[in-house]
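Visitor: starting from these lines, generate the structure:
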Amino acid sequence: MSKQTEKPPVSPAVPGKKSGWEAAKSYLRLYFVDAMSAMAQGLFASLLVGTIISTLGAQFGLPVLEEIGGFAKSMAGPAMAIAIGSALKAPPLVLFSLTAVGTASNALGGGGGPLAVLLLAIPACELGKLVSKKTPVDILVTPLVTIGSGAALAYLFAPAIGSVATAFGQLIKDATVLQPFWMGIVVSVLVGIALTLPISSAALCAAFSLTGLAGGAAVAGCCAQMIGFAVISFRENCWGGLVTQGLGTSMLQVPNIIKNPRIWIAPTLASAVTGPIATCVFGLQMNDPSGGVASGMGTCGLVGQIGVYSGWVNDVATGAKAAITAFDWLGLGLVCFILPALLALGIDLGLRRLGWVKLGDMKLDV
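Guide: Numbers count the residues shown, from 1 in each chain. Now for the predicted structure:
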């Protein structure tokens, strides 16, 4: 009987093991897509909703609503940090401890508080996860490590992060005032693209406090994407698609954009037109007291439009604006709804005649 040649043992495959590049992409998505999107939800559920409630209270003479809105707005830092921790799958003790980290980062970051929370809550969360359930006194060690590291990072870096974010946001706002036409196009197109991509345009606008004329251009760009896609895909998706995209998110079209990027041309060109119309013709501004988060919401739940109205109310109260006029309402309606629909429809019709876009290219699987 011949002796068989022995084969070297085969190493078992490691389940879930990824290459270096795949792992890097995974972490980038986790930290700068998932975490940012979660942060925007936390900001929405505290600062933005609180601003809406406060505005309603002021308009209807209900002090209790103003007080409730104030409570909600004061919780912006903790809400953002907890949302980030939730996206990072933080254990309970780490998650609860992030309230202090968010409060410190947001307060010390000033106008750039949201960006400071995003950049500092992540390492604090990961450090807390490293020690979580590793010691017999976990109930003490985990909060101490999470809060201690987060607070230290906040004292060291939050003021600088806030200053940089504020300066960059102010640069965009100043440039938009000086060059409303060209910056109206740039801001509208870029923020609109960010809204459709799987990143948070609301978080970006909040991080840089994108208000004033730049905020108005941002609103125009977001509305062009949402209303544009909702209208040009109506034949494929009917009323359900109109509502889910027009009042929900144009992000639903990302899988279709990957298949045929040309479907993105119509909404994007529409935003390039409505942006300068918002800045140069109607002087549309976003002066919502929430600090810019509504600038990146578009027509999602009509938050962008509520934010513009809240800004009008705030400007009237402070004397920056004499009154809310019919011209203001006309501009809001045209920029946010009518023009995006008409422009996107016209451009999409041309693309379909060229054969670049076909029936079914924008069908949603919802």
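
Visitor: quick one: residues contacting the closest residue to Gln41 other than its chain neighbours.
Guide: In this structure, Gln41 finds its nearest non-sequential neighbour in Ala83, 5.4 Å apart by CB to CB, 6 or more residues apart in numbering. All C-beta spots, glycine's among them, are computed from the backbone N, C-alpha and C. Residues near Ala83 by CB atoms under 8 Å, 6 or more residues apart in numbering: Ala38, Met39, Gln41, Gly42, Ala45.

Visitor: check contacts around the fourth one.
Guide: Each residue near Gly42 by CB under 8 Å, 6+ apart is listed here: Ala76, Ala79, Met80, Ala81, Ile82, Ala83, Ile84.

Visitor: mind checking how far the residue nearest to Gln41 is from Ile185?
Guide: Using CB to CB, to the nearest Å, Ala83 is found at 32 Å from Ile185.

Visitor: pretty sure Met226 is touching Ser250, no?
Guide: Yes. Taking contacts as CB atoms under 8 Å, Met226 lies within contact range of Ser250: 4.8 Å.

Visitor: about what we covered before: inside helices: which ones of the contacts of Ala83?
Guide: Of the contacts of Ala83, the ones assigned to helices by DSSP state H are Ala38, Met39, Gln41, Gly42.

Visitor: between those, which sits nearest Leu302?
Guide: Gln41 (17.2 Å; CB to CB).

Visitor: what's the overlap in contacts for Met226 and Ser250?
Guide: Taking CB under 8 Å, 6+ apart as the criterion, Met226 and Ser250 both touch Leu195.

Visitor: kindly present the contacts of Ala83 as a markdown table, with separate columns for pLDDT and distance to Lys134.
Guide: Formatted as a markdown table, the contacts of Ala83 follow (pLDDT from 0 to 100; distance: CB to CB, whole Å):
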| residue | pLDDT | distance to Lys134 |
| --- | --- | --- |
| Ala38 | 87 | 25 |
| Met39 | 86 | 27 |
| Gln41 | 84 | 30 |
| Gly42 | 88 | 27 |
| Ala45 | 86 | 32 |
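
Visitor: tell me the most packed of those, by neighbour count.
Guide: Sorting the contacts of Ala83 by how many neighbours each has (other CB atoms under 10 Å) puts Met39 first, at 29 neighbours.

Visitor: what helix or strand does the closest residue to that residue other than its chain neighbours sit in?
Guide: Counting by CB to CB, 6+ apart, Met39 lies nearest to Met80, which is 4.8 Å off, once chain neighbours are set aside. Applying DSSP states H and E as the criterion places Met80 in helix 76-87.
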